[in-house]
Every structure is written in C-alpha cells, then in structure tokens.
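Q: any chance you can model this:
(chains A, B, C and D)
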Amino acid sequence: MIYCPKCGTANRDGSKFCNECGESFGSQTRIKCPNCDTWNPVQNVFCSACGHRIVSLPPKPGVEAPPAIKGLSLPVKPGIGTEEDRSAATPGGEEDIPAWLRELEASLSAEGAAGKAALTEPAEVPDWLRDLRDSLVGEPPEVAEEGLPDRLAALRPTAPPAQPAAPPPAAEEEELPDWLAALRPTAPPAPPAAPPPAAEEEELPDWLVPSEEGLAEGETLVRAEIPDWLLTLKPRELRKEEEVEAPTPAKEAVVEETGLLAGLQDILPVEIIIAQPRLAKAGEEIAPVIETPQARLFAQIVARPPTVASKVMPRPQAGLLALLPRWILSIALIAALTLPLLLDRPLLARTIEPAPTVSSLYETISRLGSGARVLVAFDYDPTTSSEMDVVAQTLIGHLMDRQARIVAVSLLPAGPASAASLLADQAAAHPGYEEGYGRLYVNMGYLPGQVAAVRLLGESLEMALPCDFYGTSRADLELMGQVKELQDFDLILELTAGQDSLRWWIEQVGTPYGLPLAAGVSALVEPFARAYYQTGSQQLKGVVAGVPDALTYSALRSGGEGLTGIPAARLDSQLAGHLLFIVAILVSNVAYLVQRSRRES
Amino acid sequence: MTVLRRTLPAALAIATSLFVLAALFITNPLLDAIGTYFIDTAVIIAAFALFLGLFNVLRVHARKIRERQPGSLYSFVLIGAMLVVLVIGLPPIAGKPSGPSHPLIQWIFHNIQAPIQAALSALIVFFVITAACRLLRVRNAESALMLIVALLVLAGQVTIGLVPVLPAIREWILDVPAMAGVRGILLGVALGILLTSIRLVLGTERPYSD
Amino acid sequence: MKEIGLVVLLLLLPILFFLSSRARAGKAGRLRSLPALEKLPGLVGRSAETGQPLHLSVGVGGLGGATTAETWAGLTLLGQLADEAAACDTPLIVTVADATVLPVAQDIVRRAYLRHGNPDGYESTQVRLIAPDPVAYAAGVMGLLERQPFTASVMVGSFGDEYLLMGETGARRGVRQVVGATDPRTLPLVYASADETLIGEEIFAGGAYTRKLPIQIGSLLTEDWARWVVIAAILVVAVFKILL
Amino acid sequence: MDTGLLDTIGTAVAVILTLFVFSYLLGDNLLYRLAEHLFVGVAVGYAFVVAFHSVLIARLLDPLVQAVTEGNGGQVLLKLIALLLGGLLLFKPARRLSGPGNLSVAVLIGVGTALAIGGAVLGTLVPQVDASADLTRYVDRYGPGLGLFSGFVVLVGTAGTLLHFYFHRSEEGRLAGLRQRLVSSWGGLGRCFILIAFGAILAVTFLSRLSLLVGRIEFVLDSVRQVLGG
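A: Just a heads-up that it's a prediction; the model follows:
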C-alpha cells in the first residue's frame, strides 16, 4: 500500500501516481513479476503474489554493457551508479532507437527477407552464430506463423543479427514483456562467445541507471548470471549441463521459423518493441556515431522514408461460400421462403401429432374455470416478436376462449408495447373482451429490475405493480382489486424468447410459491424449457415452443383437424428454408472434401 | 479517507449482499422487507445509471460530428432520433397516456424501432447459415458428430405430420443427449457464478474501489 | 430446498478458504491451459503494432441483476487488458450495453492509465454505451466492426444469440476474436465464429489465469471440488430414487 | 391527425425500414447505416423514457411524494437514501468525486451477487441435480428399455460434461492418478455431449431465426398486398 503524500489516499502497491489526485510518487515505482504479472513495489525482491524472484542479481563488474541505448528507465535495484554516471551520457539520441526500429520494420516489410538477412549481417559475428546462419541462410523464408502479418514475418529473420551487438531496446518498465522482465535487473546482455571490452564500473551506460528514481545508497553489486534469453541464443551443443534451458514464457512464445535464428525462442518480440509510440519524439534526433558497417546500414535505413504498414489481411474463407457471393445464398433463401407464402393452399398434407409438452399445456388451460386469473408475462420484444407473436396469439386466444382474466406484465422495456397491441387484437376477436380492459384484462406494463422484479412480484404485488402501462393507478383497475398477492393467480404463463427470464420465473416464483407455471417459448429456448418440464416436480405445466408447436396448438384448439391456410403455408415455408440450409451444409462439405483431396494429391 | 474510500463501500456491498441472501434463504417478514428494499434501490440506481449512458452516447457522437469523422451524418441521425424520443416521451402529462404509452412514442416504437429490431434479428438466420457451414465441415470426428446431430434435428423439426420417425428422433436428441450436455454446462456455469459471486461478496475483488 | 441450498453455500466457504491458503502456499498445482486467456496479452501487442484499436465487450448484462457474475468476468479481463493497453498505449475501445456497467468500466480504464502515469491517455469516450437493448447493442457493435479496422475483439460476458451479428461480422472482417459466453444457446455460435473461445464457466477463470490471486485460484479448485460433490449428489439421489 | 392516415404512413415506414435492413445482405450500404443509426438512437431514447417513467417516477418520485403527504417519516428516509445513492452514481465519472459514487456501485454489486448466488443454488444446482438423478423419468415416454437407457445417458452425460471443464491438473497425491484418468476419460465423453448439444442448438437456433425471417417476409407481403388490394 502506498499512501499519497498529498491527499492521503491509499494506492495499490507499486502505483506511480495517485489514483485520486494524480500526484507522482517519485521514487516509488513498480516491477512486474515475470512469473505471475503482478505489479510489485520497487523495494520488493520477491514477488508478493507468487514469491518469484523479481530482482535478479546485478551485473558483475567485468561484463560491461554493449553499446548502450538510452531512453530507458528501468526499475533496476538502485545503487548501481552515482549522479555523475547518469550525466555521462552515451552517444545516441534518447529517442532514436525505437524510431529506427520502427522504420527498420517498416522498410524491411517492403523488401525480401532473405536479401535483407545478408545485408544486415554483422561484421563480427561469433563463430557459432555464423555457423548457425550459414546452415540456415539458404532456406527459403516462409511465413509459417499463422495470422502474422507479412511484414512482421519478414522482419523477424532480419532484425535479430543486430542483437548480439546491441541490447534489445527496452521499454518503460510497464511495457516489458516476459523475456525482458527476466532480463531487466540482470547484467547487460553479452554474448558469451564474444566478450565485450571490459569497462570500469563507473562507466555504466545511462540506460542501466534509473533515470527517475532516487537511488538508495548502500546496495552492492553482485555477480550477474547469464540471462535466460541469452541462454536460449546459445547453441544447445555449447551449453553446460547446469545451464538449463530457459523456461518458455507463459505468454505467446515467438519461435523463429526462418532465417538466421530459426528455432530460437523469443529473439525479438517485435510487437512489444514497436508498441511504444510514446517513446518516439520527433526532432530530438542526435546524429549517431557511424563506425561499424551495421551502424552505417542502420543509418541508411533510418534515412529512408517510412512505408505504411499494411493492413491486416482478411482471413481467407475456404470452400464454396467464398466463391459464391453472399447474396446468392440470401436471395435463394428469401425466394424459398416467399414462394410457399404466396401460394394460397398448403403444398403438403399434414396430420397433427402434438408433442406431450404441447398437449399438456393445452389440457392445463382447458381445465381453467371461467374467470380464472392468469398472470401473463410478455417477456419478449420486437426482436423475437415475429416468432413469439404466433405463439402468444394462440395461447392468449385460448385463454380468452376460456373466459380467463388476464394480467399482463413484462420484464423487458419494450414488452408492454407488444403486449398492448396483441391483447387488443385478441380482445377484438373475442366477444365480451372488446370493452373489457381493466375488468377482464389489464396491461400492467414494464417491471424494471429483471430477476429482482420477479422476486418483488412475489413479495409485494402492490409494490411491483403500482400502475398500468397507460399510467392508471392500480386502484382504478377492477381486475387488480381481485388480485392482492401472487397466490391469487391460478396460472402464470411465461412468454419468452430468453432462457434467463424463464429461469427467473421458475426460480423466484414457480418453485418458492408452488404456483402452476406454463411457458410459451421461442424454439431457441426449447431444449432449456424441456429441462424444466421434466424435472420431478414438473416446474412447468406445459411448453409451447416455436412456430411449429404453436401451429399444432392452434390446430388442437380448432378441434384437431389438419393444418390449413396460413399456418400450413408457414410450415411449408419453414420446410423450404430447412431444405435449403441442409443443401448449403452438404454443398459446403462436398466443396471442402474436394478441396482437401485435391490438396492432398 | 481510506475508511471512506475503501472500507465503507466494501462493508456496504457485503451487508447488502448478506441481507438479500438472507431474504432469499430464510423466510422472515422483516428480512423480506429489507431484501425487497435493497433490490428496489438497486433498480433505482440502475435507472440513474441511464443518465450516464445518455451523456456518454451524446458525447461520443457529438465528438464524431465535431471532428467531422466519416459517418458523422449518421451520428446526427442517431442523436436526432434519440432527442425526438426524449422530448416527446419524457414530460409526464397528468391524466393522459404519457411516457412509453404516449401515442407518438407508440407510433415510433411500432413503426420504427420494432420493424428494424425484428428485421435485424431475422438477419441472424443468414449469419447462422454461414457460421454453420463453417462449423459443420467434416474436418475431424468432432465436427462429423456435430454435423450428424444437426442434420437429424433439422430434419425432424419441420416434418411434423409428414414423416413419422424424424420428429421422434429430434425429440429424443433434444431430450436426452443434448439435454445432458446443456445441463452439464448449466451446472458448471452455476458453480462458476456461485464462486465468482462469493469472491465478490467477500470483497476480494472490488468493482467499487481500486 | 432452501435449506439444502444454504447448506451447500455454507459448506463451500471453508473449502474455499482452505484451498486458497494452499494456493497461497504454492501447493495448488497446475491449472489446465486456456489458450483464449493466454493469447490476450498477444492481442494487445498486436494491436499496438498495427495501430488499430482493440475492441472489448463485457456483454449485454449489467451489474445489480442476475448477470452480475458474468459481467464481472468480462470486467476482470477488461482490468487486465486496460492495464496492458495503458502500458503499450494501445487504443482500446470498450463497448457496453447496460448503463450500470458504464461508470465501473470507465473507472477501470481510467485507473489503468493513471497507474501507468499517463492520465491524458484516457478518454471517456473510449468506453461507450452503445444501446441498452441487446439487439441495438449488437447492431451498433456490428457497425463499429464493419466500418473501423480492429485488430482484435474480446467479448466476454453474457450474450444472447444476437452475438452472431457481431461475431460473424468480426470473422468476415478478419478480426481476431476471443469470445466467452455462458448461455448454452449462444455457445455453438461462439464456437463457430470466434478464434478462441471460453465456454461456459471458463469465463469465470479469467482472474485466476491473469491476476493469479490465491483466492482466485482457490475458487477454481473449489469449483473442481464442488464438481465431485455434484456428481456424488446425483449418484446418491439416483440410488435413493431407485430404492424408494 | 387522422389515425388511419398515421397508421398507413406507419406501415409504409415500417416496410421501408425493413427493406433497408435487408439491404445489408448486399453489403454495408447507406440505407442500412441509416436504419441502424435510427434504430440505435430510438432504442436509447426509448429505454431512457421507459426507465424514467417506470422507475424514477413510479418507484421513486410517486412513493416519495405519497410518503411525504402521509407523513411517513421512515418511508421518506428510505426513499431519500435510494435517491441519494442514485444521485451519487452520477458523480462517479468525475475523477475527484468518484469515491462516493462507489457506494452506489457497492449496493449494485451486493444485490447482484446475492441474486446470482440465490439463482445458482436454488434455481440451477438443486433442481438440475435432482433432475439428472431421475433415471426413471423417461420410462413413461420411451418404454422401460429405452427409457432407463435414456435416464442413464443423461446421468453419465451431465456428469461427464461437468468434468470436461475440470481446471486442476496435478499429479501430486495418492488419488491424483486415478482422478486424472477419470477426468480425462469421463470428461472426454462429456465433450461428445457438448458437441451433440452444440449441433442440436445450432439446428434449433436456425428454426427460431428462420421463423423470424418468415414473419418478416409475411409482414412485407401482407403490407404490399394491402396496398395493391386497397
């Protein structure tokens, strides 16, 4: 916990700025644990979350850093250098490295990978590295990594040669990827085969010195270990027994597939390096000292105008679907659905075989006495109204046939509007109901709060339903005078296209109060609703699922004759749609198999 | 300061949660009343949150218009439509249908919102076809299994009264093996919800403070 | 029924504490790999590299309702991604459907930028409320994915089948998609359209895989433990039902 | 205005907007974008109007006014607290004032977690365990042979699916080997059930969404018929 000196707010460990007032905590900074990604205060040596060592041993004096890169504010354990050391800046503009790397990346993307690999060849490569390269350079570069942008793949094999000469440009502490996090507090990287010139401890490069943090005195330097990432660079044959292979980072491991460093892991996590636009500030460039061939090459590259990175290519779609434009399928489907609807008579003769769930609901409603009170939840909105209206019409129609008193509610904001027009339509078709609003049926509007609303309904009907959809108070509605509490209802009918609301009614009302509950649902919810129809206590008295069920239900109401007219046409239309879908699946499979066998042969 | 910022919200969250939980699990009129009150309060807070949502929408699109980003004309349409609905719908009119039941709001709902919403959801069927064609390609045994099941269920769902066996097969698949899979997923999700909620109640993860 | 529930609930707590303490002591063992969660940091890097924004959705659920847990699962991943995005200065666009999520999501993103010393990097319009209605939300996000190039889209939370409007648009536009949902109706559609999926309860594992707090790992182990209890309960009840 | 005329205009607008949306099938275009933005704008506005009237007025303002006129001090206080919590949330986006807003979020989280726990335990865990254990449930429907077999399949499949999501992988401990084998074999079987469920749900989703498309086509056809016929 860090307490803000300005406002006293407690901030998360390792915070750099106060969460409340933005005050900078100066010397306080934090280190990301390479093992578990937890942010730790800079004082920590071991991660407070997982105990992993986060500050590894400082560099041994003999191993000096390779040409330094400035612009790093690594949260190194303080005490490496003095004030003077920091002012003794190494050549190289502070911000130019990320810039050249980005331009390098940009320019390389335009060129062939293999050619570049030869160009960027360092003058002094360690023998082992040269052998390695020689054996690999002839291989054609291939972009094996799935989904990697081309330019990235092109960059990978070429950029790494710079690495033995210069440490990887590091980022601000927050941005360090795993491999760098492991490197951070340790010695500057030095290829074991090419020992860098010895240097005095005082001349440690700027980048090793914390730029912002105050230095704690009295810390001593300890001998460095060869960092893990460097170890991976070392050919397997040269490794000592005790130099175990570096653990593969948990995050996306970048394995070089081509070029010089094929097979090596996490050589240059390009993504992260480029991911530092903030580091680059134009106009602060300081001319680099051009001494080596590499440096000259880099200078040339930097001088080139940047090329714009290509956009991510859309994934190629295999199969016939890619060949046939989307709209052929669309037009075919629309045509297949429209034709049966345009015909006046059914194409096929059907007999009625209601599912047990459907006939069970039909019997439940048929048994209701005249004047039975039914709570109908219109938990669907225009999203599914094309389907649900068909279901609701037949069920509400049946209820009105049975002279039931209907109280409509909805858990969706847009539900009452659908309910209003549907109830009005059905009332107009049932003698006695035309003028019956308030007496025979009411629309109590939207119940806000989703599951909480259902629960509230069980606890206090009065509180949950203060007024109806049109703003009339419940006291002025005759029907509402008859229902004081939820138990006054003889049946609850849930009309929904979402399984959540069905579950809420069962959990919050059906089960606790033991009220008979039935459901008219979208076909989509069918498997789910069946689960409740089956449970031992029969939480649902019946289920009408989707248009086919609704059509058989209406056939039951009309006395069990075969399907005719519009319902039959709807079923025919559905059938045509299904046939088209099956054909599309089969065609796509055939196309796929043909393609695959062609590829294999 | 720390007490106010960290401890108080945590205590409030835990207390609220325990009261509502108690109301759910223990039958007691007083607990019920307290639980109901908290639930009601949550609903009211959620309604206030919509003010924030409204400002956010205005801000995002006003910015698009101000910066003349591509498509700012559409942002204009969006904000315009929203404001029209708000201006007509917000003022409460005593004695007359107002708000959502205002005739003009009803007209907008039935003739603009509902048809577009219904048409958009109908569009999903085209997406289902392309997605299914990709998923059901027989690459391996797994996709073959899915393909067979999908074809059997498809064949059974519109052949009611036409072919005798197929609807029965569909029903069995939905009732038995598919049900087992769905139930397993649901049970697992319930366990996940349970433990995530317990962690939240215990205050180990705090959405309400950092 | 209520009594059984209460017993289940009270039984879980000591187990959770015990397993969390084991996790704290480092005796938790390994967790199975979840590629979807492991690929998340890579998405931020890729996004920073291409300069194209990253999209994150926490679903159509809200806080304060029954989908609080799912929404929080999405917000946990938001916390992780926002941290990395703030560190890399990656443009991150968060879309929400429910207004209750808006202030919390904004807070998470803002604090992430503050923590990384870049308070100016945060803009309040990074977190956008599209529309409170699920289909309107899906349509809005679909338009976003259609007209603006995104590197990746992470959608974790509660989704209905309107998810497919976003998911297929993303797939067609070549957006890398990591999607997690709990609704069995949505899962096949997720499976068909996303590159990486979190199926069902896997979305709740986000914290344990990214932040690795002992209690988060402990809660996953408790979940595993509870699995056996559930299976045992099914068997015991089945035997009883046959005998009685 | 004449209601009949308004209705006719309304139907025409509805049909045109439906066609605008379907124009997306030919690719993203101006008409579709127009419909999309119109829709999102109306949806946001409508949701706000509904919340304003059904919650802020019906659940907060009206009861508050009523309580004040009745002189019910306790009720007034409770409603004022609710009002305060709601109001505090509005300050959350302001950096310096976000602290008090956290109280409102805390209440939301408290209520939400409690409801989620209640739902998970009472609504799913207990009843679904009960249902999975009922081996004989299908006997009525499918006869003794297939019925018992089905009950057994559900039991094995449910448990297998649950095990498929097992998180822990560890070889330590005496029972670990056995557990690991059980999880991988039974859980592997569970994966088959998940795939079967996926295939079935995909087909069912198609049916449901196809019904929506049929409904929309019917709507357009009916409207066109009306215009032609009358």
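Q: when you work out contacts or count neighbours from here on, use the C-alpha atoms and nothing else.
A: OK.
Q: quick one, grab the pLDDT at residue 139.
A: Went with chain A since none was named. pLDDT recorded at A:Glu139 is 43.
Q: that's the wrong chain, I wanted chain D
A: 80.
Q: roughly how far apart are it and D:Gly147?
A: To D:Gly147, D:Val139 is 4 Å away according to CA to CA, to the nearest Å.
Q: so for those two, which sits in the more crowded spot?
A: A count of neighbours by other CA atoms under 10 Å in any protein chain shown puts D:Gly147 above the other of D:Val139 and D:Gly147, at 19 against 16.
Q: look up which helix or strand the more buried one falls in, please.
A: helix D:139-164 (DSSP states H and E).
Q: contacting residues for A:Ile506?
A: A:517, A:539, D:123 (CA atoms under 8 Å, 6 or more residues apart in numbering or on different chains).
Q: most neighbours out of those residues, which is it?
A: A:Leu517 (27 neighbours).
Q: surely it and A:Tyr532 touch.
A: No: at 10.4 Å, A:Leu517 and A:Tyr532 do not qualify as touching, with contact defined as CA atoms under 8 Å.
Q: for the residue in chain C positioned nearest to chain B, which non-adjacent residue is spatially closest?
A: Per CA to the nearest CA, C:Glu201 is where chain C lies closest to chain B, at 4.5 Å. In space, C:Glu201 comes closest to B:Val189 once its chain neighbours are excluded; the distance is 4.5 Å by CA to CA, 6 or more residues apart in numbering or on different chains.
Q: list residues touching both of A:Leu517 and A:Tyr532?
A: A:539-540.
Q: right, and A:Trp327 touches D:Leu25 too?
A: Yes: shown here, A:Trp327 and D:Leu25 form a contact pair, counting by CA under 8 Å, at 6.0 Å.
Q: wait, which of the contacts of A:Ile506 is closest to chain C?
A: For the contacts of A:Ile506, the nearest to chain C is D:Gly123 (9.6 Å; CA to the nearest CA).
Q: residue contacts, the closest one?
A: Counted by CA under 8 Å, 6+ apart, D:Gly123 has contacts A:503-504, A:506-507.
Q: before we move on, back to that, what's near enough to touch the residue of chain C closest to chain B?
A: Counting by CA under 8 Å, 6+ apart, C:Glu201 has contacts B:185, B:188-193, C:182, D:165.
Q: identify the farthest-apart pair in these.
A: The largest separation in these, counting by CA to CA, is between B:Ile193 and D:Phe165 at 14.2 Å.
Q: so for the two, which sits in the more crowded spot?
A: Set side by side, B:Ile193 and D:Phe165 show more neighbours around B:Ile193, with 29 against 25, by other CA under 10 Å.
Q: did I read that right, the more buried one in a helix?
A: Yes: per DSSP: H, G, I helix; E, B strand; the rest coil, B:Ile193 lies within a helix segment.
Q: read off the pLDDT value for C:Leu63.
A: Looking at C:Leu63, the pLDDT reads 90.
Q: is any part of the biggest helix by length in chain A close to chain C?
A: Counting by DSSP state H, the longest helix found in chain A is helix A:565-600. No: on the criterion CA under 8 Å from any CA of the partner chain, helix A:565-600 is out of touch with chain C, staying 13.5 Å away.
Q: in that helix, what counts as buried?
A: A:566-582, A:584-593 (16 or more other CA atoms under 10 Å in any protein chain shown).
Q: cool, stretch D:69-76 as well?
A: Applying a neighbour-count criterion of 16+ other CA under 10 Å, one finds D:75-76 buried in stretch D:69-76.
Q: what do you get for stretch A:337-347?
A: Residues of stretch A:337-347 classed as buried: A:337-338, A:340-341, A:346 (neighbour count, 16+ other CA under 10 Å).
Q: ditto for stretch C:28-40
A: C:28, C:31, C:34, C:36-38, C:40.
Q: just those residues now: which is nearest chain A?
A: C:Glu38 (6.0 Å).
Q: poorly predicted segments of chain D, please.
A: D:1-2, D:97-98, D:171-172, D:230 (pLDDT under 70).
Q: which parts of it sit against chain A?
A: Checking chain D against chain A by CA under 8 Å from any CA, the hits are D:25-26, D:47, D:50-51, D:54-55, D:58, D:95-96, D:115, D:119, D:122-123, D:127-128, D:130-131, D:134, D:137, D:201, D:204-205, D:207-208, D:210-218.
Q: put the buried members of the residues you listed into a PyMOL selection.
A: In PyMOL, a selection of the buried entries from the residues of chain D next to chain A looks like this (16+ other CA under 10 Å):
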select buried, chain D and resi 25+47+50+51+54+55+58+115+119+122+123+127+128+130+131+134+137+201+204+205+207+208+210+211+212+213+214+215+216+217+218
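Q: next, the contact list for A:Met338, please.
A: You called it Met, but residue A:338 is Thr. A:573, D:214, D:217-218.
Q: return the helix or strand in chain C with minimum mean pLDDT.
A: Least confident helix or strand, chain C: strand C:30-31 with a mean of 84, by mean pLDDT, DSSP states H and E.
Q: circling back to that earlier point, least confident pick among the buried residues of stretch A:337-347?
A: Minimum pLDDT across the buried residues of stretch A:337-347 is recorded for A:Pro346, with 72.
Q: doesn't that residue lie inside a helix?
A: No: counting by three-state DSSP, A:Pro346 is not part of a helix but coil.
Q: that one reaches A:Ser573, doesn't it?
A: No: taking contacts as CA under 8 Å, A:Pro346 lies outside contact range of A:Ser573: 9.7 Å.
Q: where do the contact lists of these two overlap?
A: A:Pro340.
Q: list the buried residues for stretch A:414-422?
A: A:414-420, A:422.
Q: and the pLDDT for A:Gly432?
A: 85.
Q: how many other residues sit next to it?
A: Residues near A:Gly432, counting by other CA under 10 Å, number 12.
Q: in three-state terms, label whichever residue of chain C sits closest to chain A for me.
A: For chain C, the residue closest to chain A is C:Gly174, as judged by CA to the nearest CA, at 4.2 Å. Classification of C:Gly174 using three-state DSSP returns coil.
Q: can you narrow the buried residues of stretch C:28-40 to ones near chain D?
A: Contacts with chain D within the buried residues of stretch C:28-40, counted by CA under 8 Å from any CA: C:Leu31.
Q: how close does the residue nearest the centre of chain C get to chain D?
A: The residue lying closest to the centre of chain C (CA atoms, centre = their mean) is C:Gly74, at 3.2 Å. Going from C:Gly74 to chain D by CA to the nearest CA, to the nearest Å gives 14 Å.
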